[in-house]
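K.L.:
Below is the structure, and that's it, no one-letter string:
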C-alpha cells in the first residue's frame, strides 16, 4: 500500500518520464532473472561468505564513487 502512495507522489513530481519508464521496462527481465538466480544461490552460500562478498563489493563501489 505504501508503494502505491510513493508511486503517486513520484508521478505527481514528474519523475516518471518516458525514458525512465522505458529503462525500467527494459531492465525488468534482468531483475526477474536476478531474483530467480538469487533464490537458487542463497541456499548454497554460507552466511560468512556472503558477508565478505558484500563487504568487498561495497568497498569497490565506494572506491569507484570516490574516483568518479
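P.N.:
The structure has been received and is ready for your questions. Predicted model only: the values in this text are computed from it and were never measured. Numbers count the residues shown, from 1 in each chain.
K.L.:
Most remote residue from the middle of the protein, which is it?
P.N.:
In the chain, the residue that sits farthest from the middle, by Cα atoms, centre = their mean, is residue 12; the gap is 23.2 Å.
K.L.:
distance of that residue from residue 46?
P.N.:
45 Å (Cβ to Cβ, to the nearest Å). (Each C-beta comes from the backbone N, C-alpha and C, glycine too.)
K.L.:
again, but for residue 24
P.N.:
For residue 24, the distance to residue 46 - Cβ to Cβ - is 34 Å.
K.L.:
and these two? which has more neighbours close in?
P.N.:
Ranked by neighbour count (other Cβ atoms under 10 Å), residue 24 and residue 46 place residue 24 first, with 11 against 8.
K.L.:
Show me what the lengthiest helix in the chain is packed against.
P.N.:
Across the chain, the longest stretch assigned as helix under DSSP state H is helix 18-41. For helix 18-41, not one helix or strand is in contact under the criterion 3 or more Cβ pairs under 8 Å, 6 or more residues apart in numbering; DSSP states H and E.
K.L.:
Rounded mean pLDDT for that helix, please.
P.N.:
Here helix 18-41 scores 94 as its mean pLDDT.
K.L.:
State the next helix or strand along the chain beyond it.
P.N.:
helix 47-67 (DSSP states H and E).
K.L.:
what comes up buried for that next one?
P.N.:
Buried positions in helix 47-67, judged by neighbour count with 16 or more other Cβ atoms under 10 Å: none.
K.L.:
what angle sits between it and helix 18-41?
P.N.:
150 degrees (axes from the mean of the first three to the mean of the last three Cα atoms, to 10 degrees).
K.L.:
Show me what helix 47-67 is in contact with.
P.N.:
Outside of helix 47-67, no residue comes within contact range by Cβ atoms under 8 Å, 6 or more residues apart in numbering.
K.L.:
Please state the mean pLDDT value computed over that helix.
P.N.:
On average, helix 47-67 scores 95.
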